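S.K.: sequence unavailable; structure follows:
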């Protein structure tokens, strides 16, 4: 069994990517696992370059690139100007020329000036050229709240990206997934967006670099249950697991799924749990209206309507701009809010 940092993690299965000989497990934070993934990718392929805002000598605001510039030099790891459209635009050109750029835009809402480059070019280049031009590039985005950040530092903008055909959108919730999802993103011949839950950067777990575990783009059942399934990802996985613990004290059997991949979406795993439990709720930090949970709820309802005993619930942030640090504890979903939402059903 792979220790994902949660005691209830499902057993691992082998993946397709070639891996080195067996090595001892490491206990790493999510941030350190991402650092290790970047370091190993730089060592494995000299086409890989890492750049973005403050990723050089500073090592990133959250120190995810700590030490990489000193080790690999300014030709492989460097600071970019604070121009997000330029960061992605140059990455497009590098990828078209055969390189594998990995870029970071530091905070979720900082990425908005680059959306035109992403939506118009990154997501469409393969289709536009009928498959002749590939874009093997990775965009890393720290996202979500819970760090006391001010405006533009705590958004959950994943729905914009997941809505865009041509992009793979991943978000790890634990150190093991952080390492392997980023490695697979860098290996991919298509553009991948990796949303990193910044308030979970310091969550520690076991990482086996040579044992990738379950498929990197498949959901994972972290806790088995019979009464209701909680669908979560990134920063809200821990919330879902806590809600399951509290629910168990009240006699409620709660299943917890970590979606892991937002696009593509793993309908098979989710539907199997929904049909077993007959009730489902999705949790995310972004505002509810038009949020990612709306798509999840629609897919669950459309594919599993005759198995459902109640409407699919959404437990989310509120439909307001992200609040000031003193108020974010009231905005973010909590285990208590999840259980209160479940109580609205007629059981």
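M.R.: The structure has been received and is ready for your questions. Keep in mind that this is a model prediction, so the values were computed, not measured. Numbers count the residues shown, from 1 in each chain.
S.K.: tell me the helices and strands packed up against whichever strand in the chain runs longest.
M.R.: Secondary structure of the chain per DSSP state E: the longest strand is strand 280-287. Strand 280-287 sits against helix 158-162, strand 228-232, helix 292-304, strand 313-317, helix 335-342, with contacts defined as 3 or more CB pairs under 8 Å, 6 or more residues apart in numbering; DSSP states H and E. C-beta: built from backbone N, CA, C; applies to glycine.
S.K.: chain center to the fourth one: distance?
M.R.: It refers to strand 313-317. Chain-centre distance of strand 313-317: 18 Å, with CA atoms, centre = their mean, to the nearest Å.
S.K.: please identify the buried residues of it?
M.R.: Buried residues in strand 313-317, counted by 16 or more other CB atoms under 10 Å: 313-317.
S.K.: ok, of those residues, which one's closest to residue 206?
M.R.: Of all the buried residues of strand 313-317, residue 206 sits closest to residue 315, with 28.9 Å by CB to CB.
S.K.: and that closest one, how close does it get to residue 202?
M.R.: 24 Å (CB to CB, to the nearest Å).
S.K.: same check, this time on residue 312
M.R.: Separation of residue 312 from residue 202 (CB to CB): 32 Å.
S.K.: swap in residue 284?
M.R.: 21 Å.
S.K.: please apply the same query to residue 345.
M.R.: To residue 202, residue 345 is 35 Å away according to CB to CB.
S.K.: which parts of the stretch 101-250 of the chain are helices?
M.R.: 115-117, 125-128, 158-162, 175-187, 237-249 (DSSP state H, counting those that start in this stretch).
S.K.: just those: most buried one?
M.R.: Among those, helix 175-187 has the highest mean neighbour count (mean count of other CB atoms under 10 Å), at a mean of 26.
S.K.: domain parsing of this structure, as residue ranges.
M.R.: Domains of the chain are assigned by automatic domain parsing as 26-207, 220-342.
S.K.: in a markdown table, list the ones you listed along with mean pLDDT.
M.R.: Shown next, in a markdown table, are the domains of the chain (pLDDT from 0 to 100):
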| stretch | mean pLDDT |
| --- | --- |
| domain 26-207 | 95 |
| domain 220-342 | 97 |
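S.K.: residues in contact with the most centrally placed residue in the chain?
M.R.: The centroid of the chain falls nearest to residue 171 when counting by CA atoms, centre = their mean (0.8 Å). Applying CB atoms under 8 Å, 6 or more residues apart in numbering to residue 171 gives the contacts 143, 158, 194-197, 233-234, 259-260, 262.
S.K.: quick one: the strands in the protein?
M.R.: Using DSSP E, the strands of the chain run over residues 26-29, 48-52, 77-79, 100-104, 138-143, 168-170, 192-197, 204-207, 220-223, 228-232, 254-258, 261-263, 280-287, 313-317.
S.K.: buried stuff in the first one?
M.R.: Residues of strand 26-29 classed as buried under the neighbour-count rule (16+ other CB under 10 Å) are 26, 28-29.
S.K.: just the third one next, same as before
M.R.: Buried positions in strand 77-79, judged by neighbour count with 16+ other CB under 10 Å: 77-79.
S.K.: what residues does that strand touch?
M.R.: Contacts for strand 77-79 (CB under 8 Å, 6+ apart): 42, 49-58, 65, 68-69, 71.
S.K.: now do the longest one
M.R.: Contacts to strand 280-287, defined as CB under 8 Å, 6+ apart, come from residues 144-145, 155-159, 228-233, 235-236, 239-240, 273-274, 291-293, 296-297, 300, 308, 312-320, 332-333, 338, 341-342.
S.K.: buried subset of those?
M.R.: Applying 16+ other CB under 10 Å to those flags 144-145, 155-159, 228-233, 235-236, 239-240, 273-274, 291-293, 296-297, 300, 308, 312-317, 332-333, 338, 341-342 as buried.
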